[in-house]
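Any chance you can model this:
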Amino acid sequence: MARLLVVVPSDTDPPTRLGEWLTEAGLELDERRLSTGQPLPADLTGVDGLLVLGGPQSSLDDETVSPELVGVRHLLAQAVAADVPTLAICLGAQLLAQVGGGSSRVGVDGPEVGATLVAKRDAADADPLFAALPLSPDVVQWHHDEIDRLPAGATLLASNPRYPHQAYRVGAHVYGLQFHIEVDEPLVRQWAAGDAVGVASSGTDVATVCAAAAAVLPDVAEVWAPFAGRFAALVQAHAAARA
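Numbering: from 1, shown residues only. Down below sits the predicted model:
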């Protein structure tokens, strides 16, 4: 069975539904929760794919502020160098942009929080993961930083008017998603309760943000569960090639 290394920088963003979809697609998940002290491997030896999730840390934190991100950056850099199938979400996508030669910064238009849409770019029509997506799929956003510059040669796959770098690919198999596809209702409620600044930026309140997110979660599952299956197939193909 193909092995997916799952890096959880914070217990506030576990793999949740995405983990279920990937397991159902036939992957073995090796989950490492950094907040509980679970160590990361020194490299990607024996790993067929990599999933890096989000967290409240800033992508701008250095090793004195968020030392747990040092190893995450190291693994993402290895994944880029070896083109290991990778899915990096929110904080993970910002770190991926950094190690690939791009950059992130505090979002110039403030936090982006709650249910929204992203739009596929033309390049997505030729991408093995994104081609089958609808033109404007539902997602859930929850970020204060933004990716302001993609790595050189990266392929932009999805955008929205507020923050253009919503999804991208580095090389053939390394993907970054600024938005969230893994969330469920309890997770959204937890985030909303703990992020007064983010909720205020939406111009609504906690109840409204949570209700709007809950309303799109069935559509998120309909679109992104098959996406997870296609990513699992990339991981499985990589495992077969290594064997």
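
how close does the residue positioned nearest the centre of the chain get to V118?
In the chain, the residue lying closest to the centroid (CA atoms, centre = their mean) is I89, at 1.0 Å. Distance from I89 to V118, counting by CB to CB, to the nearest Å: 13 Å. For glycine as for every other residue, the C-beta is placed from the backbone atoms N, C-alpha and C.

can you list residues touching both of these two?
By CB atoms under 8 Å, 6 or more residues apart in numbering, I89 and V118 have these common neighbours: F179.

who touches the residue nearest to the centre of the chain in this structure?
Taking CB under 8 Å, 6+ apart, one finds 13, 18, 51-54, 176-177, 179-182 in contact with I89.

out of these, who's nearest S159?
F179 (11.0 Å; CB to CB).

Report pLDDT for that closest one.
Note on F179: pLDDT of 98.

how far out from the middle of the chain is the lengthiest helix in the chain?
In the chain, assigned by DSSP state H, the helix with the most residues is helix 206-242. Taking CA atoms, centre = their mean, to the nearest Å, one finds the center of helix 206-242 at 10 Å from the center of the full chain.

now swap in stretch 164-174 and tell me
Using CA atoms, centre = their mean, the offset of stretch 164-174 from its chain centre is 11 Å.

Not counting sequence-adjacent ones, nearest residue to D125?
Sequence neighbours aside, A131 is the residue nearest to D125 in space, at 5.5 Å (criterion: CB to CB, 6 or more residues apart in numbering).

if I read this right, that neighbour contacts D122, doesn't it?
No - here A131 does not reach D122: they are 11.1 Å apart, not a contact under CB atoms under 8 Å.

Neighbour count: those two, which is higher?
A131 (13 against 8; other CB atoms under 10 Å).

Can you say which helix or strand has that one in it?
Counting by DSSP states H and E, no helix or strand carries A131.

ok so, going back, hey, what's the residue nearest to the centre of the chain bridged with?
Note on I89: beta-bridge partners by DSSP bridges are L177.

measure it to G107 for me?
From I89 to G107 the distance is 16 Å (CB to CB).

With A211 instead?
24 Å.

And for L117, the neighbour number?
L117 has 16 nearby residues by other CB under 10 Å.

no no, L69
L69 - counted by other CB under 10 Å - has 23 other residues nearby.

With the one 4 residues further on instead?
Other residues within reach of R73, judged by other CB under 10 Å, total 16.

Surely it touches L95?
Yes - using CB under 8 Å, R73 is in contact with L95, at 5.6 Å.

Could I get the full set of strands for the chain?
With strands called from DSSP state E, the chain shows them at 3-8, 28-33, 49-52, 86-89, 103-106, 112-117, 119-120, 138-143, 145-149, 155-159, 167-170, 174-177.

possible to save those as a markdown table with distance to A79?
Output for the strands of the chain, formatted as a markdown table (distance: least, CB to CB, whole Å):
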| stretch | distance to A79 |
| --- | --- |
| strand 3-8 | 9 |
| strand 28-33 | 15 |
| strand 49-52 | 5 |
| strand 86-89 | 4 |
| strand 103-106 | 17 |
| strand 112-117 | 25 |
| strand 119-120 | 24 |
| strand 138-143 | 21 |
| strand 145-149 | 17 |
| strand 155-159 | 16 |
| strand 167-170 | 9 |
| strand 174-177 | 6 |
